[in-house]
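Visitor: Requesting a structural model of the entry that follows:
(one chain, ligands or ions: 1)
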Amino acid sequence: MKPLEPSKATNSAAPTTSAADRKRKADTVTEAGPDAKRPTFSASQGVARPTRSNTTTGAGSKATSVQGATSTRTGPMSELGPIAEESWDDIRDKTGQVVEDVLNKKLSFAKGTKPERKVEAFVPLVKELKALGRHLHSNSQRLELDVEQWKRHSSELSAAAEAERQQWAAKQEAVGKQLAEIKELLDLQEQQNKQLEADVKTGEEALAAKQATLSSLELKLEGVQAELERTSKQLEERESKIKEMEDVVRTGQKYSTTLQAYNTSLQADLTSEKQRRDEVQKAKDELQGQAAELGGKVRSLEQLLAYEREQVQKLRDEREAATRDLAVLRADLDNTRQERERALAEAAKNKEDLDKLRAAGGKSLETLEALSNDKATMETQLSMQQKLIASMREELAGAKEGRAMADAMADSRAAQIAELKAQVESLQGSLGDAERRVYEGELHRRKLHNIIQDLKGNIRVYCRVRPVSSAEAADAAHDSEMSLDFPSAGDLLGRGLTVVVPGNLTGQAPQKHNFAFDRVFSPGTSQDMVFDEISELVQSALDGHKVCIFAYGQTGSGKTFTMLGNRDAPGVIPRAMQQIFHTGQKLGAQGWQFNMQASMLEIYNEDIRDLLSRRKDDSKKHQVTHDTTGATTVSDLTLVDVNRPEAVDQLLAQAMEKRSVGCTALNEQSSRSHMVFTMRIEGHNTETGVKVSGVLNLIDLAGSERVKDSGAAGQRLKEAQAINKSLAALGDVIMALANKQEHVPFRNSKLTYLLQPCLGGDSKTLMFLNVAPTREFAHESLCSLRFGAKVNSCEINVPKKNVVVPRG
Ligand SMILES: Nc1ncnc2c1ncn2[C@@H]1O[C@H](COP(=O)(O)OP(=O)(O)OP(=O)(O)O)[C@@H](O)[C@H]1O
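Guide: Next comes the predicted model:
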């Protein structure tokens, strides 16, 4: 339906006034009276009507004619003389008078005023009246024109109004029709409304019923909402936990991927390292074979050389004897020569004498003959001596030749010996080189093995076999035959061992059982060598790891010796302290400062005792708690700040005095309790701001014992039962961990509860499995070794460093 508005055409026909028109209108009002109020029109306003200019022109033309009439007129005017034809507009402008002023003007004259003066006075008035008359006349003409225009305009307007009215009528008709339609619609709507009202009523009734249900539901909803809020809170908490976990898992996955990659590369390294080690081992074996062979050769050569030296010496002796003989012969020869010369001189003299005698003729024939005989004898002697000299010369030449030969032989042997020596030296060099490489390879293998163990999260097991004690060896009551054997070469060298359990009287044959651990220390292994193998693990406590090292084994198998040792052979605890303080000091140069606190406790008959407490009566009950980070706290336990190893030695001495130790049939100084030494290490790097916090737990467990063998009774029996019970609980925990059981019974004993973070957490854990070597304890050893194998298969979490790195 269209809106009911007046048409625009009507509006456009209405006259409008411009600003200029309004000004003129004002003039007109003043000058032309109320008639001048009528509207003026412009051609632009659409309806044809006269404009002001038209009017002016019209009026102007009329005025001209009036003027013309005036100018042609001759009447009294001429009598008054020429009167200037001023327009009303000029007069008005000049005098400021309005029409009424002129019309109301009255002239008064004083008595006796001359008529010429009075006429003179009338002249301006007449002028004004004439101008006014002309003006009014032109105005009336203009008004007439306007009236005509108005008339025309009004008839136009009437026509327009009629058209408009007709339009309106048509519109009204249309609107009436529309109204009728609307009314129909409204009726329909009303019906519908009524229907709707009815519906609404039923709806309202239903709504009321529903509302009742709703309010009960709202109540329920409130409850559900409260529940929901609680659940969503829980959900949020869970979600944040899940997020955290996801973060952890993501980090873990990243870490695990990195680790897996690292692991793979390590395994590849390990394999290649193993190959290299095998090759080196092979080369070493070969070299050792060659060395043995060469050693044999060297020995035989040395024997030969000794023989040759003997020969040379003999030859030298002979040469010296020959030289001596030669000297004697030379002396003899010289003597003989001198004698010969003397004899020759004598013979010459004799000949001279003979000649003289002959010349004198007086010498006798006998003297001559005697002299001839002497000469012949001397000549015989001379030829004999000449022969002797010749043979001696020959001998000398022979001896010289022999000596030259011996010298040459000695020289060649010496050269051979020097060559052999050089060979031996170079072989020894390469043997040392090979041995060094084998050692380095072994070190590397150990490192890799440790890393792999860390990555796998296994509990490491180092088996240590103690030597046969002098008492065992001496006393026939003991079967001191060795029941353990160690591979002397191959892959299991240093890692494997075999226990032989002897047969029994029922005819059971001896049985061999093979085991392999991360490391096996045979009886000859020194404390130093043992510590060397775990020093890296100890070191990681300084790096922020939780480290746990404990010694397990039957009574008298060497646990306390391994962990504490004695003055001459200090064990793991004092050595670990030395290393920690020493390394801590060295790290000081890199800005590290460490704060260390030690505590020592024993678990005796399922009670925790503070071994560093200075209280006389220490019957306080100590409670073990673990927080979410895996940190363990024992209530009311004495913590001592330590900053040098000697302080720890004092603490150890103090603790050892307090520790429960007793004499049993199997060990003179048997530990009757589990002892736990804990060192907390807080490190802070003043240069980088990095903080680490590590814990080192070193534990000497009490030994398992067969009560019938240890001869325990009374208090000892009670102790033994408590020890065995807690070790059995340890066994159960290990079984549960190894079998990946959901429930691990850590709480079954004080020992397992205390060790929970080490066995089930993220610490680096190592167990020393101490074993006695003799056949007497073969069964116990077998049990211990089986336990050790189970422990070795336990996978705990991947060790985690406790390090805080500052932000930014
Ligand atoms: N590797 C070794 N070298 C030399 N002597 C050893 C070694 N291991 C143990 N011993 C000696 O054997 C004896 C028993 O050792 P130890 O006291 O350490 O056993 P244990 O396992 O701690 O016994 P228990 O459980 O009864 O306390 C001690 O005299 C000790 O000095």
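Visitor: separation between the residue of the stretch 351-500 of the chain found nearest the ligand and Leu196?
Guide: Residue of the stretch 351-500 of the chain nearest the ligand, by C-beta to the nearest ligand atom: Arg466 (3.4 Å). Heads up, the C-betas are built off the backbone N, CA and C, glycines and all. Noted for Arg466: a distance of 104 Å to Leu196, by C-beta to C-beta, to the nearest Å.
Visitor: Same check on Asp568?
Guide: Using C-beta to C-beta, one gets 110 Å for the distance from Asp568 to Leu196.
Visitor: So if I had to pick from those two, which one is more boxed in?
Guide: In this comparison of Asp568 against Leu196, neighbours counted by other C-beta atoms under 10 Å, the higher total goes to Leu196 at 12 against 6.
Visitor: Got the phi and psi for the more buried one?
Guide: With angles defined as degrees, to the nearest 10, Leu196 shows backbone torsions of phi -60, psi -40.
Visitor: Next up, the contacts around Phe550.
Guide: Going by C-beta atoms under 8 Å, 6 or more residues apart in numbering, Phe550 touches Asn697, Leu698, Ile699, Asp700, Leu701, Leu755, Cys758, Thr765, Leu766, Met767, Phe768.
Visitor: Ala551 looks like it's in a strand, true?
Guide: Yes. Looking at Ala551 with DSSP: H, G, I helix; E, B strand; the rest coil, it is inside a strand.
Visitor: so who does it touch?
Guide: When contacts are counted by C-beta under 8 Å, 6+ apart, Ala551 is found next to Lys559, Thr560, Thr562, Met563, Ile699, Asp700, Leu701, Met767, Phe768, Asn770.
Visitor: ok, back up a step: least confident of the contacts of Phe550?
Guide: In terms of pLDDT, the weakest of those is Cys758, which scores 79.
Visitor: what about that residue, is that helix, strand or coil?
Guide: For Cys758, the secondary structure call by three-state DSSP comes out as helix.
Visitor: Nearest spatial neighbour of it, chain-adjacent residues omitted?
Guide: By the measure of C-beta to C-beta, 6 or more residues apart in numbering, the closest residue to Cys758 outside its immediate chain neighbours is Cys548, 3.5 Å from it.
Visitor: In the sheet, which residues pair with that neighbour? Tell me.
Guide: Per DSSP bridges, the residues bridged to Cys548 are Asn697, Thr765.
Visitor: just use 695 as the starting number from now, easier for me
Guide: Done: numbering now begins at 695, and the last item shifts to Cys1242.
Visitor: I figured it hits Gly1388, correct?
Guide: No. Taking contacts as C-beta atoms under 8 Å, Cys1242 lies outside contact range of Gly1388: 11.4 Å.
Visitor: of all of the stretch 745-894 of the chain, which residue lies closest to the ligand?
Guide: Taking C-beta to the nearest ligand atom, the ligand has its nearest neighbour within the stretch 745-894 of the chain at Val894, 94.2 Å off.
Visitor: what helix or strand is that residue on?
Guide: Taking DSSP states H and E as the definition, Val894 sits inside helix 809-1054.
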